[in-house]
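Enquirer: Next input, structure requested:
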Amino acid sequence: MPALKKKIISFGDDDKNYFPLSAPDKRYPAELAVFQNIFWQLKHEKSPKDDVLKILFLFSPKVRLAEDPHEGMEFCITAKEYAELTGLKVDSAYTILNRVVDALYDHSVIFYHPDKDRDIRTRLINSCSYKDGCFYISFTHFALYIMYVFNQQNSFTKFKVKSAISLSGHGLKLYPFLIQNEFRYNFDVQLSDLKAALGLNADSYPEYRDFKTTILKPHIDAINQKTELTVEFKAIKKSGRKASHVNFTVTKKRTVKAEEPKKEVPDEPQKEQPKITAAIVYKELIKRPELLPRFQESGEAINEMIDRIKEDFKNGNQERWINKLQEFGITFEEPAPF
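Expert: Numbering: from 1, shown residues only. Have a look, this model is predicted:
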């Protein structure tokens, strides 16, 4: 006899205790959108249109940089602001915002509640209104939680708002997915996992050439053209005669920053910073085997990854490891004992 399917229930006041709105340790700059990784795993009762995702990306820094956000707090976006970010005319931006805000109000998502062992349904916004050229939105508790709380229990992905909103269709999910894995430089993804990340059914595009032509190539071409990433990809056959995985190589385009004049500041006693060594970093990683696949390159053994960490520290590239670990809530307040 098949197991009974558990009823989906709505997010209630008692659920808020499971998702406290604790302030993040670090405030990322306004140019970045930051979401808990659960955001990309949400089930949508209706597939979200491009502009629904884009407006969430735009509101992300507004929520994240707010002081003590709560359900009654309203966040504003103007047609002029939206036009400047998207390259639209103000009249067109107003029309789109008017439609998208209404669509977002009616939008519901479903997520798995581990403590209750069941699916929970919630909306993302409680209210929306328009006054004096500004569209106002108040978010639900759960929406605030995934846009504001980032710690060891809630890994997250940060990406450039301007890059994301320049894309469309499946590119809006492919770009953050590549950002999540960019640190690994070269990595393999099972086709079924890649389709899931893009919101596609596992049985869609059964022939890889169709998946490549229709989904991968056009959106990767757009990502290469419009964002800070440079992406190469190829099919991999790990079992049988058909492609089972896609291998990605992802790098960031080099940018040359203008040298800023040094400011003279009075001498102050400097707070001693903890010395973070390669050994501390790889010991933290080995203690968390579930994170290793997010840091290993394709086909890389653990000892090879450790050698890569050592080499990066030797060459002064330790910040990339420290910053990436912070995305998983791992910080280094004091040197770990050996």
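Enquirer: count of neighbours near the closest residue to Ala66 other than its chain neighbours?
Expert: Closest residue in space to Ala66, ignoring its immediate chain neighbours: Met73 at 6.6 Å, by CB to CB, 6 or more residues apart in numbering. The C-beta positions use only the backbone N, C-alpha and C, and glycine is treated the same way. By other CB atoms under 10 Å, the residues close to Met73 number 14.
Enquirer: Spit out the contact partners of Met73.
Expert: Residues near Met73 by CB atoms under 8 Å, 6 or more residues apart in numbering: 66, 138-139.
Enquirer: same deal with Phe59?
Expert: 75, 77, 137, 139, 147 are the contacts of Phe59 under CB under 8 Å, 6+ apart.
Enquirer: so which of those comes closest to Ser168?
Expert: Of all the contacts of Phe59, Ile77 has the smallest distance to Ser168: 19.6 Å, by CB to CB.
Enquirer: which residue packs closest to the closest one, ignoring adjacent ones?
Expert: Nearest residue to Ile77, sequence neighbours excluded (CB to CB, 6+ apart): Phe135, at 5.4 Å.
Enquirer: which SS class is that neighbour?
Expert: Per DSSP: H, G, I helix; E, B strand; the rest coil, the secondary structure class of Phe135 is strand.
Enquirer: who's it bridged to?
Expert: For Phe135, the beta-bridge partners are Ile77, Tyr130 (DSSP bridges).
Enquirer: ok so, going back, can you put the contacts of Met73 in a markdown table and add pLDDT and distance to Glu319?
Expert: Shown next, in a markdown table, are these (pLDDT from 0 to 100; distance: CB to CB, whole Å):
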| residue | pLDDT | distance to Glu319 |
| --- | --- | --- |
| Ala66 | 93 | 28 |
| Ser138 | 96 | 37 |
| Phe139 | 96 | 33 |
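Enquirer: out of those residues, which is most surrounded?
Expert: Phe139 (27 neighbours).
Enquirer: Would you enumerate the residues in contact with Ala164?
Expert: 33, 54, 57, 172, 175-176, 227.
Enquirer: what do you get if the cut-off is 7 Å, keeping everything else the same?
Expert: Neighbouring residues of Ala164 by CB atoms under 7 Å, 6 or more residues apart in numbering: 33, 57, 172, 175.
Enquirer: does it belong to a helix or a strand, and which?
Expert: Assigned by DSSP states H and E, Ala164 belongs to helix 161-165.
Enquirer: rewinding a little: now for the contacts of Phe59: which two are most distant?
Expert: For these, the farthest-apart pair by CB to CB is Ile77 and Met147; their separation is 14.4 Å.
Enquirer: Could you check which of these two is surrounded by more residues?
Expert: With neighbours defined as other CB under 10 Å, Ile77 and Met147 compare such that Met147 has more, 25 against 19.
Enquirer: which residue packs closest to the more buried one, ignoring adjacent ones?
Expert: Spatial nearest neighbour of Met147, excluding adjacent residues (CB to CB, 6+ apart): Val63 at 4.5 Å.
Enquirer: What is the burial count for that neighbour?
Expert: Val63 has 20 neighbours, counted by other CB under 10 Å.
Enquirer: wait, doesn't the residue nearest to Ile77 sit right on Arg99?
Expert: No. At 11.0 Å, Phe135 and Arg99 do not qualify as touching, with contact defined as CB atoms under 7 Å.
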